[in-house]
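Undergrad: generate coordinates for the sequence data below:
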Amino acid sequence: MMSRRMACRVTAVLLAVAAAVPVGTATAAPGPPPPAGGRALTGPASPATAGRTTAGRTTVACAAGRGPYQRQVERWLRLAVDGRQSAADCEAVRAFQTRQGINPANGYAGPVTWARMRLLSARTAPTDTGTEGASGDAAGPATGAVPDPASGSAAGPASGAATGGASGPAAGVVASGGCPVRSYRVACVDLKRQLTWVQKGGKTLFGPVAMRSGGAGHRTRTGWFRIYWKHKNHWSSLYNAPMPYAQFFSGGQAFHAVHGSIHTTGGSMGCVNLRLADARKLWSVLKTRDHVYVWGRRPGS
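TA: Sure, this is the predicted structure:
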């Protein structure tokens with residue numbers, strides 16, 4: 001039988017619990033379980049804090065000013081080409097940026113948007129510049145024959161020197177994009193469109209991918225070259241900077257990866273800069289003594 005002292009303690013505890021529950025309140029019924037994945041559904045954020053949200057990404061206000069590639073972007077999107085930013089232009093550019101995952105999607109006709117458009121145009125046929133011809137950029141080389149380094153000395157350039165027109169008569173043909181079509185691998189570097197790819201005959205082995213060439217005062221040299229040295233973990237003693245997957249073709253100029261953005265106004269110090277994933281893949285495609293052809297001129301350089 002429970003002692004009187006213990007009974008008093010139990011009674012005191014029960015009274016304390018009863019006093020903690022306000023009169024007239026009921027215990028809440030359990031809510032529905034969270035959706036699959038363990039995250040509870042939430043309603044839309046308030047307009048004051050969300051701005052405009054599309055597919056989980058928030059866009060910023062539409063850019064009012066014209067971008068440096070306004071005309072080119074307008075032409076690519078088949079808009080009225082006047083070089084001025086209108087509300088309709090901004091919405092069309094922003095829709096493209098959203099589809100392509102460009103952030104911020106603000107409708108600005110900047111270098112990243114224009115580089116993406118050039119890349120999309122070149123993916124199916126890198127040597128076809130049909131949409132580029134009217135872009136307002138400086139014209140590339142005329143279609144015709146280009147001296148073939150393999151038609152002169154069988155050894156080719158010894159250490160990445162340009163062979164230009166001193167290598168004998170022309171051989172093969174040149175596609176309209178300016179890169180010679182040969183029976184061997186040619187790494188094509190299109191300075192005007194800031195694109196690079198590797199082709200052999202009529203087949204594209206790599207790319208095209210976006211790149212960054214030398215800017216004003218540090219132009220990437222043009223002409224025929226050969227890959228003369230490959231160094232996967234190269235470190236530049238001149239600029240005290242890493243050059244991953246470096247493949248040298250003209251003195252200190254090389255294909256190599258950079259860890260930052262390649263879409264800058266100033267350009268590189270002469271090398272052909274690539275995104276890390278692209279440089280890694282190019283490393284596996286090109287071999288020592290493969291040919292490189294560089295032509296055109298980087299806009300603004």
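
Undergrad: run through the strands of the chain in chain order.
TA: Secondary structure of the chain (DSSP state E): strands located at 52-54, 57-59, 173-174, 180-181, 185-190, 195-200, 203-210, 223-226, 229-236, 241-250, 253-257, 272-274, 291-295.

Undergrad: most packed of those?
TA: Ranked by mean neighbour count under mean count of other C-beta atoms under 10 Å, those are led by strand 272-274, which reaches a mean of 26. Every residue, glycine included, has its C-beta placed from N, CA and C.

Undergrad: what's next to that one, contact-wise?
TA: Identification of contacts with strand 272-274 by C-beta atoms under 8 Å, 6 or more residues apart in numbering yields 189, 196, 209, 211-213, 220, 245, 253-258, 262, 282.

Undergrad: which one in the residues you listed is the model shakiest on?
TA: Least confident of the contacts of strand 272-274 in the model: Ile262, at 86.

Undergrad: for it, which non-adjacent residue is spatially closest?
TA: Excluding the flanking residues, the one nearest Ile262 by C-beta to C-beta, 6 or more residues apart in numbering is Arg212, at 4.0 Å.

Undergrad: neighbours of the one you found, how many?
TA: 24 (other C-beta atoms under 10 Å).

Undergrad: same deal with the one 10 residues further on?
TA: As a burial measure, Thr222 scores 17 neighbours (other C-beta under 10 Å).

Undergrad: same check, this time on Ser121
TA: Neighbours around Ser121, by other C-beta under 10 Å: 20.

Undergrad: would you confirm that Thr271 contacts Arg219?
TA: In this structure residue 271 is Cys, not Thr. No: applying C-beta atoms under 8 Å, one finds Cys271 not in contact with Arg219, separated by 11.3 Å.

Undergrad: the two: which has the busier surroundings?
TA: Remark: of Cys271 and Arg219, Cys271 carries more neighbours, 27 against 18, as counted by other C-beta under 10 Å.

Undergrad: that one and Trp235: what is the separation?
TA: The gap separating Cys271 from Trp235 is 13 Å, by C-beta to C-beta, to the nearest Å.

Undergrad: who touches both of the two?
TA: Shared contacts of Cys271 and Trp235, defined by C-beta under 8 Å, 6+ apart, are found at Met243.

Undergrad: closest one to Arg118 among the strands of the chain?
TA: strand 195-200 (6.4 Å; C-beta to C-beta).

Undergrad: who are the packing partners of the closest one?
TA: Under the contact definition 3 or more C-beta pairs under 8 Å, 6 or more residues apart in numbering; DSSP states H and E, strand 195-200 sits against helix 111-123, strand 185-190, strand 203-210, helix 276-285.

Undergrad: parallel or antiparallel, which strands does the third one pair with?
TA: Each strand paired with strand 203-210, and its direction, by DSSP bridges: strand 195-200 (antiparallel).

Undergrad: could I get the average pLDDT for stretch 107-120?
TA: 87.

Undergrad: may I see the buried residues of it?
TA: 107-119 (16 or more other C-beta atoms under 10 Å).

Undergrad: nearest to Ala87, of the residues you listed?
TA: Distance to Ala87 across the buried residues of stretch 107-120 (C-beta to C-beta) is lowest for Gly107, with 9.0 Å.
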